[in-house]
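Colleague: got a structure for you, letters missing:
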């Protein structure tokens with residue numbers, strides 16, 4: 001089904017053509033029509049399926065159908081999103097869809113100056129994109145009035161719930177008109193998302209284009225068993241062997257990101273990092289440089305998992321597996337988009353094996369295991385036998401009670417390292 005069949009406003013259709021869109025994706029086919037009819041919608045769609053157009057195109061069309069003068073501080077459409085990066089990305093994408101329309105699109109997020117954002121709101125805004133916390137700050141100082149909001153979109157609703165924004169979201173909904181139309185988009189389904197939908201949607205339509213929590217079929221999943229201490233070395237070897245043009249690397253902590261950054265910089269590799277300790281301006285530059293191919297490797301923590309939209313990204317590397325299996329889906333959603341092939345490569349230490357099982361159950365497929373020569377990892381049973389032999393009491397060297405306790409914890413999966421021999425108990 002083509003966008004041209006929707007009978008959109010000429011200016012909106014012109015923008016869609018300029019973006020190179022012709023055929024609609026499944027989520028666009030299912031969500032646009034009920035949204036244009038004024039129905040509340042609960043949509044389950046994976047990242048990279050075209051959901052931004054699925055909610056923004058019907059909202060733009062309805063704004064055209066109901067012309068009104070742009071008011072100072074009074075937006076007509078509100079889009080809530082969990083992160084600064086995603087707010088910026090949405091503002092850019094929706095701005096492209098609205099490029100031939102007389103609408104002002106503004107994004108609010110933490111890290112930007114309140115005064116500059118307030119000036120934009122005072123000047124007038126039609127479509128407001130914001131993170132929940134920053135929008136509440138502007139409401140408290142009367143920089144924005146949501147009483148005339150006609151359309152509300154919750155993008156990445158599941159992520160907002162995970163990040164603890166549920167109370168803020170409910171507060172913000174109370175500031176909007178009761179006659180509003182609400183669209184809720186989520187990459188995954190859960191009891192919490194269903195409960196939120198019951199509270200804020202009215203007689204809504206449910207659309208879904210994929211099985212729950214399933215990743216794109218175009219992504220190949222592979223994993224390399226490796227000791228934690230050798231992950232930096234393995235990444236350097238693979239980068240040199242495969243000569244990845246662009247690779248996005250996710251780490252679990254800022255310290256891991258900085259350590260990998262320093263190692264790659266020492267090899268004169270063009271690399272940038274994006275995590276919570278990096279100032280917003282530097283993060284924005286890092287993303288821009290990566291998108292423009294000035295940077296070969298972008299290292300990011302979970303904060304950027306849903307805020308990066310890069311066309312044609314071939315490879316995503318999980319330097320560490322995420323704590324939550326669902327976050328694996330969000331991370332690798334940066335590759336294999338719009339029907340293109342992609343690879344999700346994970347470095348898995350012995351301590352992360354249990355997370356692999358959970359991820360495989362979630363995505364419904366086995367992850368291909370590749371044992372790279374020189375990086376072999378001893379299996380759990382042989383390691384346990386080795387530890388027990390180290391601490392087995394004998395006449396010459398009695399094991400301490402602490403050592404025995406550590407072996408017990410290891411058997412239960414609560415200890416990730418090798419027990420070192422202590423001095424004999426006196």
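Modeller: Great, that's in hand. These figures come from a predicted structure and were not determined experimentally.

Colleague: show me where pLDDT drops low in this protein?
Modeller: Along the chain, segments meeting pLDDT under 70 span 47-48, 210-216, 276, 280, 303-312, 336-339, 378-426.

Colleague: for residue 175, what are its contacts?
Modeller: Residue 175 makes contact with 139, 146, 147, according to CB atoms under 8 Å, 6 or more residues apart in numbering. Where you see a C-beta, it was placed from the backbone N, CA and C, and this is true even at glycine.

Colleague: go with 10 Å
Modeller: 78, 135, 136, 139, 144, 145, 146, 147, 149 (CB atoms under 10 Å, 6 or more residues apart in numbering).

Colleague: just the buried residues of the residues you listed.
Modeller: Buried members of these, counted by 16 or more other CB atoms under 10 Å: 78, 135, 144, 145, 146, 149.

Colleague: and those as TSV, adding distance to residue 187 and secondary structure?
Modeller: Shown next, in TSV, are the buried ones among the contacts of residue 175 (distance: CB to CB, whole Å; DSSP: H, G, I helix; E, B strand; the rest coil):
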residue	distance to residue 187	secondary structure
78	20	strand
135	22	helix
144	28	coil
145	31	coil
146	26	coil
149	24	coil
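
Colleague: of all the residues you listed, which comes closest to residue 1?
Modeller: residue 78 (28.4 Å; CB to CB).

Colleague: just list whatever residues bridge to the closest one.
Modeller: According to DSSP bridges, residue 128, residue 152 are recorded as the beta-bridge partners of residue 78.

Colleague: how much space separates it from residue 169?
Modeller: Residue 78 sits 11 Å away from residue 169, going by CB to CB, to the nearest Å.

Colleague: what touches both of those two?
Modeller: 135, 152, 154.

Colleague: what about the nearest residue to residue 75 once chain neighbours are set aside, how many residues close to it?
Modeller: In space, residue 75 comes closest to residue 128 once its chain neighbours are excluded; the distance is 3.8 Å by CB to CB, 6 or more residues apart in numbering. A total of 26 residues lie near residue 128 under the criterion other CB atoms under 10 Å.

Colleague: same thing with residue 20?
Modeller: Other residues near residue 20 number 6, with proximity taken as other CB under 10 Å.

Colleague: quick one: secondary structure of it?
Modeller: Using DSSP: H, G, I helix; E, B strand; the rest coil, the secondary structure recorded for residue 20 is coil.

Colleague: do I have it right that residue 78 meets residue 149?
Modeller: Yes: applying CB atoms under 10 Å, one finds residue 78 in contact with residue 149, separated by 4.9 Å.

Colleague: identify the contacts common to the two.
Modeller: Taking CB under 10 Å, 6+ apart as the criterion, residue 78 and residue 149 both touch 128, 172, 173, 175, 176, 180.
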